[in-house]
Each structure stands twice: as structure tokens, then as C-alpha cells.
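In: Please work out how this folds:
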Amino acid sequence: MSRSYADLPLHYGQVPEWLYKRMGLLGGAITEAVIMEYGKSAFLQRMSDPFWFQSLGAVLGMDWHSSGITTSVMGALKQAINKRSKELGIYICGGKGKHSRETPYELIRIAEATGMNGDLLVRSSKLSAKVDNTAVQDGYNIYLHSFIVSNEGEWAVIQQGMNDGNGMARRYHWHSPTIKSFVEEPHSSIYGHNEGQILNLTDKKADSTRTGVVAITKDSPELILQEARKLFMPAHHDVKAKDVDLKRLGSVLAVAHEKELRDMESLLLLEGVGPRTLQSLVLVSEVIHGTPTRFDDPARYSFAHGGKDGHPFPVPTKVYDEAIAVLDKAIRLAKLGNNDKNDAIKNLHKAAMKVEADFIPNENFDELIQKERNDSWKYGGRTVFGKAEKPKQKPKDDSQLSLF
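Out: Sure, this is the predicted structure:
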């Protein structure tokens, strides 16, 4: 069984409205850009990758390591995407608590509107929840279940459980094309045939609806989880140098802040965008266009828009809004056949990778974070505690500070 999971420190509290709205706007734009460039299946594959999902949450301004990313990102995406599901071909069902229990009814309504087999989708939803909540006895009780499905029947599941005993949450990821059977034991040969992109659980070889869940509970969690892709996030709230690939981060900052390094012709189309917004857009570009190997340090993406609790620095709302506007405009122009601006955003990621090849970082990491905090008031910095204020004491001259 191909499944992935992430272990995260439990965090409570509400996402402020000023951030939640922006998360929906930027998250929706990133989703549309991925679908437009790579297709619906690629978006679902990304959502089933715990490293990519954590990076998405960080680039949207959530706390880079916490369990709150799951609830807030899925809630914001559900609001943003479901308004345009017919256009995008993607639907998001379920959510946290009582919303998770609405998943079957939502799936049936979607199936009736699209012609998909609603019973099979509901069964897939229930079985994925059953496996993670009951069959895998790992001490985590599921409280969030989100089911993302395309209009072609391919789906991904993101669900999260909490363990009050150790103060951690565990997030589970599923992607339908990788699933041979919900109950496939490491040494068995029970399979469910896949008809097109919809998992056919009615086949005689997929007896999961009657006996499968019982069978899988005989396996230990270690056997079930041993092949999963795992992400373990630390408990500390601040972003430390050890949490970030400094070579990658340094190349991002170099492309954004050093004009001579932006030597790709198409990047001239972004000439009017300030360096701080370019810094955000380089990281947004990688979330859209980067390969899976680029997301093993999710904390790096918090250098796009900070974090709501102020780590690594307050959310720069003016920068955030400009990044949304630039990406939205690029998408609109691309729909009209003018791909220049869209290509320019794509090339930000390529430019950073080009610089990265020969980049050697120094020891200025903590100083760079402090610079972002000192400058936060200029960019409309905000946290859950309030708006960033201008430092009372003039900071030392750090205008040339970099990771060079």
C-alpha cells in the first residue's frame, strides 16, 4: 500500500481572517497554475506528497512545522476551489470534525452532477478513514478527513489524527492510482482492479468491503507503515539554520535581490516587481514547478510570507498581496494565449536552480531573519498578536546582508 504521512506538533487556535482570505487567494492561484501547466492528476499527486503539502502551507504563511497547516490549508483551498470546480475539474469534500462526516453526501452530489460512481467514491472515502483510524493502531485518532477528487474519478485523501499523549498530530496522505487494494498485506495477493481512473472495489478480487478491514488489523502498524514516505517536523517553533537547505535558500535570495543574477531574458517582464516580492515569487514558482526532491526542507518556504505566529518573521501582507496579483495576472494572460508573464514566473525557479549550482552560503542566517523582522513594518507585517511596528532603535546597517 503506497501511503505517506507526516508527524507534526499539535497547535491550536484560529487563523486570523486577514491571513485566511489571502491563503485562499494564493492557494487557489497556485492550484490553477499547477492544473493549467501539468494537469489535474499532477495536482492530486502533489497533494498526496507530505513534503509538498507542508511546503505549500509554509508558502501560504502558516506556521511552518505545525499541525495547523492541515486544517487551515484544506479549509482555504476548499472555499477557493469549490467555487470554480466545474472550470478546474477538482472538488474538495470533507474537512475537520462535523465537516468530515458530510463527505459522503458531498461526494454523492458531485457524482450526480458529473456522472461518476458516487457509491465507489464514498466507499473509498470510508475505507481510507477506516484504515488510518482503526486498522492502523498507532495512537492517533482521526479528526480531519478531506477527500479531493477530479471529474475523471481520480482522488487523493488527506486526513489527520491527534495523539494527546505525546502532543503530536499525524497527517496521512493517499493517492488513488498508487493503491492496489485497501487491504493488501505485505505478503498477500488481494487486489482491487482499477477501471480507468476510478478504483473498482466491486471486483471479486477486492473483497475489502466485507473482510478486508478485519484482515488488515491483524498486521502490526510497523508493517503497514514501513513503506510509507515519512515527514517528521520538530517541536521548536522558530526556524533554525538546520531546518533549511541554506544553499537553496541562498540562491532564492540571490536571484531576488541581486539584479545581475537575473540574466534570463524572460525575467525582464518582472522588472517592475520589487526584490522582496520577487523573493516570494521565486518560492511560489518552486511550489508550482519544482520536482519532488525540492521539498525536503519545508521551512525554506516560510521565507516567502513568514508565519502567522511571527516565525521566522511576521507575514508581510503588502508583499503577499503583490505576489497574488502578479500570479493572478500571469494566469489570466496565459488563458488568453499570452504566456510571457507565466513563463517568467516559471523561470524564477529555473534561475534559482542555476545560481544554486555554485552557491556557497555563509553564517548570516540568524541575522537575515532579524533583518526581515526589522523591515517587517515596511511590508505591512502582521501576526496573530498584531501589526509589526517600526523598531524603536535604529538597526545596524544590514542592507548588504546576504547568505553569500
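In: Under a three-state scheme, what state does residue 333 occupy?
Out: Secondary structure, DSSP: H, G, I helix; E, B strand; the rest coil: residue 333 is helix.
In: Please tell me how far it sits from residue 340.
Out: Residue 333 is 7 Å from residue 340, where distance means CB to CB, to the nearest Å. Where you see a C-beta, it was placed from the backbone N, CA and C, and this is true even at glycine.
In: swap in residue 354?
Out: Applying CB to CB, the value for residue 354 to residue 340 is 20 Å.
In: Also residue 168?
Out: According to CB to CB, residue 168 stands 46 Å off from residue 340.
In: more neighbours, the two?
Out: Taking other CB atoms under 10 Å, residue 168 and residue 340 do not tie; residue 168 has more neighbours (19 against 12).
In: which one is that one nearest to, not counting chain neighbours?
Out: Spatial nearest neighbour of residue 168, chain neighbours left out: residue 7 (5.6 Å); criterion: CB to CB, 6 or more residues apart in numbering.
In: Let me see the contact set for that neighbour.
Out: Neighbouring residues of residue 7 by CB atoms under 8 Å, 6 or more residues apart in numbering: 168, 169, 170, 230, 231, 232, 233.
In: Which one of the residues you listed sits in the busiest neighbourhood?
Out: Among those, the one with the most neighbours (other CB under 10 Å) is residue 169, at 25 neighbours.
In: give the contact list for the closest residue to that residue other than its chain neighbours.
Out: Excluding the flanking residues, the one nearest residue 169 by CB to CB, 6+ apart is residue 67, at 3.5 Å. Residues counted as contacts of residue 67 (CB under 8 Å, 6+ apart) are 8, 9, 10, 11, 160, 162, 168, 169, 171.
In: same question, residue 342
Out: 33, 330, 331, 333, 334.
In: Try it again at 6 Å.
Out: Residues in contact with residue 342 (CB atoms under 6 Å, 6 or more residues apart in numbering) are 330, 334.
In: any idea how far it lies from residue 269?
Out: Residue 342 is 10 Å from residue 269, by CB to CB.
In: list residues touching both of those two?
Out: Common neighbours of residue 342 and residue 269 (CB under 6 Å, 6+ apart) do not exist.
In: What is the burial count for residue 275?
Out: So residue 275, with other CB under 10 Å, has 13 neighbours.
In: for residue 158, same thing?
Out: So residue 158, with other CB under 10 Å, has 26 neighbours.
In: Three-state assignment for it, please.
Out: Secondary structure of residue 158, per three-state DSSP, is strand.
In: so it touches residue 146, yeah?
Out: Yes. Residue 158 is within contact range of residue 146, at 4.7 Å (criterion: CB atoms under 6 Å).
In: The stretch 51-200 of the chain: helices as residue ranges?
Out: Assigned by DSSP state H, counting those that start in this stretch, the stretch 51-200 of the chain shows helices spanning 68-82, 85-88, 103-114, 118-130.
In: Redo these as a markdown table? Include distance to residue 392.
Out: Below are these laid out as a markdown table (distance: least, CB to CB, whole Å):
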| stretch | distance to residue 392 |
| --- | --- |
| helix 68-82 | 31 |
| helix 85-88 | 48 |
| helix 103-114 | 51 |
| helix 118-130 | 52 |
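In: Adding mean pLDDT as columns, could you present those helices in TSV?
Out: What follows is these, written out as TSV (pLDDT from 0 to 100):
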stretch	mean pLDDT
helix 68-82	96
helix 85-88	96
helix 103-114	96
helix 118-130	92
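In: What ranges in the stretch 51-200 of the chain fall below the confidence cut-off?
Out: Filtered on pLDDT under 70, the stretch 51-200 of the chain yields the residue ranges 135-138, 181-200.
In: ok, for residue 60, nearest residue in space, not its chain neighbours?
Out: That would be residue 23: by CB to CB, 6+ apart, it lies 4.6 Å from residue 60.
In: Distance-wise, check that neighbour relative to residue 143.
Out: Taking CB to CB, one finds residue 23 at 20 Å from residue 143.
In: Looking at those two, which one has more neighbours?
Out: The neighbour count for residue 23 versus residue 143, taken as other CB under 10 Å, is higher for residue 23 (26 against 16).
In: pLDDT score assigned to the more buried one?
Out: Turning to residue 23, the model gives it a pLDDT of 98.
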